[in-house]
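Student: Here is my input; please provide its structure:
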Amino acid sequence: MYYCYHATPIGELLLAGTDDALEIIGFPEGSMRRDPETHWIYNEKPFEAATTQLDEYFAGQRTDFDLPLRLTGTDFQLAVLAELQKIPYGETASYRDVAERIGRPKAVRAVGAANGRNPIPIVVPCHRVIGAGGDLTGFGGGLDTKEALLRLEAEHRSASLI
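Tutor: Below is the predicted model of the structure:
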């Protein structure tokens, strides 16, 4: 597994994966803060496309990511992660919305748990999932980070983007 760090407006993100796919984005703070494991190898080259696309996203020039990802989890968790990728840039959905969209309307809490274990936040936009009343709820990078990502998207949503 390779890793590198990438400076962004929300702090230094840890990127980890293989030559073939991005597997992890770790936040600098919060429950999704990650440190490299001892056997990982520092190497920026596998993440050139990811860092470019993240820079474009934070500059308001990218609304969708086009990166090879390696997502892991149960069939249910993978269904939730796939549905998160369908939430349009600058929009939000509730946990209930996601549960209904995957055909499991009673699985709202399970959707929340799957959302919370998303290994590739930002690229798989778990920050776009909010509480039923519009409240910002738990986020692995902290609520300030979630709010910053949603504000960034709201500010750039009407611009002509990639």
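Student: contacting residues around residue 24?
Tutor: Going by Cβ atoms under 8 Å, 6 or more residues apart in numbering, residue 24 touches 3, 14-17, 34, 119-120. (C-beta placed from N, C-alpha, C; glycine too.)
Student: domains in this structure, as residue ranges please.
Tutor: Per the record, the chain has its domains at 2-58, 75-156, by automatic domain parsing.
Student: which phi and psi does the residue nearest the centre of the chain have?
Tutor: Most central in the chain under Cα atoms, centre = their mean is residue 121, positioned 1.7 Å from the mean C-alpha point. Dihedral pair for residue 121: phi -60, psi 160, per degrees, to the nearest 10.
Student: these two touch, right, residue 10 and residue 145?
Tutor: Yes. Counting by Cβ atoms under 8 Å, residue 10 sits close enough to residue 145 to count as a contact (5.1 Å).
Student: between the contacts of residue 24, which is nearest residue 136?
Tutor: Nearest to residue 136 among these, counting by Cβ to Cβ, is residue 120 at 20.1 Å.
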